[in-house]
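Participant: Predicted structure and sequence below. I'll ask about it afterward.
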Amino acid sequence: MPLTFPTTSLKKPSGVTALPSGLKRPAFGTLYGFDAQGGASALTDQLAYPGGLFTSSNFEVSVQPLFHFDGSILDGASADNNPSNGTAVSTWGDRSGQSANYDASQSTASQQPIFQGNNVIFGGAPTGAQNDFLEIATKTDNVDGTGWTLCVVANKVETSGGAKREYAPVGRHPLQNAYYLPLNFRNGVTYYFVGNSSVSTAGYGPHFESIQQFVTIKDTSDDATYYLQGNNAYKTGVHVTNGPSGLFGNIGHNGYYHYGPIYEVILWGSTLSTADLNVVRTYFNTKYTDLPSSTAFS
């Protein structure tokens, strides 16, 4: 039957209720925002910075990183695009928002790690010794007189037979002697940039065998400090100069192959402020609830 409409005109209400001055947090549940793709995302789970995938959240730092690999957003664009668990990873997308291409990829199927929910598992852990890694499209050098800040959430595991493996989440491939990013080799010794100096890390994991958050900072005087769980320095006074080129060039390899999950890797091309370091620290502890408690930077 045909639609009919009233002949009288619609009346405009005499007054319009004013819009609220700001969005209000509901009395229950999680506060949600919208990501760059228009999808809902819990703000409490995101790290925001200028130019990035998220620019406003409860965890905001003032500096855009050079690259940001987040296992919960595998393509660097939206968690809605994540594959099913157990999928081989050919590309881990950078979500920093930088104009340069910092995506990490691997075209050889036998060297591709595995996606697992909110992390990427390297080395075929815990049953095999697969030599897999991802190569970052734009490699970053260690430049004398320039500071940088590297933040990582990862751990290594033993094989099912108990064999020790390496902790090597980010670095240069192939190995350049005397240059290592934080690395716990299978003999229980932790290696650093210069030589094979070591320190006991038995209180952490032990030997990084459970999820940990790591921060390595190099200042403009080329001195590096290594931290675990916030402001717990486990190696100081490491003088880092003379390269190498492409130091930040791979995920899952730094001269040795990583064996275990990598959750998140973030590199800034400067020394972060204390305030920003604490934002990152708190972001990690909020997002990864299995992390040990951390100490505030001061």
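Facilitator: Good, I have the coordinates. Fair warning: this is a prediction, and the values are worked out from it, not measured in the lab.

Participant: Let me see the contact set for the closest residue to Asn250 other than its chain neighbours.
Facilitator: Ranked by CB to CB, 6 or more residues apart in numbering and with sequence neighbours excluded, the top spatial neighbour of Asn250 is His173, at 4.5 Å. (Each C-beta comes from the backbone N, C-alpha and C, glycine too.) Neighbour list for His173: 133, 135, 249-250, 253-255 [criterion: CB atoms under 8 Å, 6 or more residues apart in numbering].

Participant: measure Asn81 to Ala48 for me?
Facilitator: Look at Asn81 and Ala48: by CB to CB, to the nearest Å, they are 20 Å apart.

Participant: before we move on, what SS does the residue nearest to Asn250 have?
Facilitator: Of the three states, His173 takes coil under DSSP: H, G, I helix; E, B strand; the rest coil.

Participant: okay, Asn81 and Ala48: which has more neighbours?
Facilitator: In this comparison of Asn81 against Ala48, neighbours counted by other CB atoms under 10 Å, the higher total goes to Ala48 at 18 against 13.

Participant: For the more buried one, give the beta-bridge partners.
Facilitator: Glu60 (DSSP bridges).

Participant: My read is that it contacts Ser57, right?
Facilitator: Yes. Contact criterion CB atoms under 8 Å: Ala48 and Ser57 qualify, at 4.0 Å.

Participant: mind listing the strands in the stretch 151-298 of the chain by residue range?
Facilitator: Listed in chain order, the strands found in the stretch 151-298 of the chain under DSSP state E, counting those that start in this stretch are 170-171, 183-184, 190-191, 212-218, 223-228, 232-239, 248-251, 260-268.

Participant: would TSV of these with mean neighbour count, distance to Pro65 and mean pLDDT be doable?
Facilitator: Output for the strands of the stretch 151-298 of the chain, formatted as TSV (neighbours: other CB atoms under 10 Å; distance: least, CB to CB, whole Å; pLDDT from 0 to 100):
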stretch	mean neighbour count	distance to Pro65	mean pLDDT
strand 170-171	28	13	88
strand 183-184	23	22	61
strand 190-191	22	25	64
strand 212-218	23	13	92
strand 223-228	20	17	89
strand 232-239	14	22	81
strand 248-251	26	11	93
strand 260-268	25	5	97
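
Participant: between these, which gets nearest to Thr274?
Facilitator: strand 212-218 (10.8 Å; CB to CB).

Participant: what are the pairing partners of that closest one, and which direction each?
Facilitator: Looking at strand 212-218 with DSSP bridges, its paired strands and their directions are strand 148-154 (antiparallel), strand 223-228 (antiparallel).

Participant: Run the angle between the last one and strand 232-239 for me.
Facilitator: Right, the one you point to is strand 223-228. In this structure, strand 223-228 runs at an angle of 160 degrees to strand 232-239, with axes from the mean of the first three to the mean of the last three CA atoms, to 10 degrees as the basis.

Participant: Could you check how far strand 223-228 is from the centre of its chain?
Facilitator: Mean-position distance between strand 223-228 and its chain equals 17 Å (CA atoms, centre = their mean, to the nearest Å).

Participant: who are the neighbours in contact with Glu135?
Facilitator: Glu135 makes contacts with 104-106, 173, 249-250, as judged by CB under 8 Å, 6+ apart.

Participant: hmm, 6 Å instead?
Facilitator: When the contact criterion is CB atoms under 6 Å, 6 or more residues apart in numbering, the partners of Glu135 are Asn250.

Participant: how many neighbours does Ser110 have?
Facilitator: Ser110 sits with 9 neighbouring residues when counted by other CB under 10 Å.

Participant: ok so, going back, I'd like the strands paired with strand 212-218 written out as JSON lines, with distance to Tyr288 added.
Facilitator: As requested, those are exported to JSON lines (distance: least, CB to CB, whole Å):
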{"stretch": "strand 148-154", "distance to Tyr288": "6"}
{"stretch": "strand 223-228", "distance to Tyr288": "14"}
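
Participant: Now Ala100. Nearest residue, chain neighbours left out?
Facilitator: Computed as CB to CB, 6+ apart, the closest residue to Ala100 that is not its neighbour in sequence is Thr138, at 4.7 Å.
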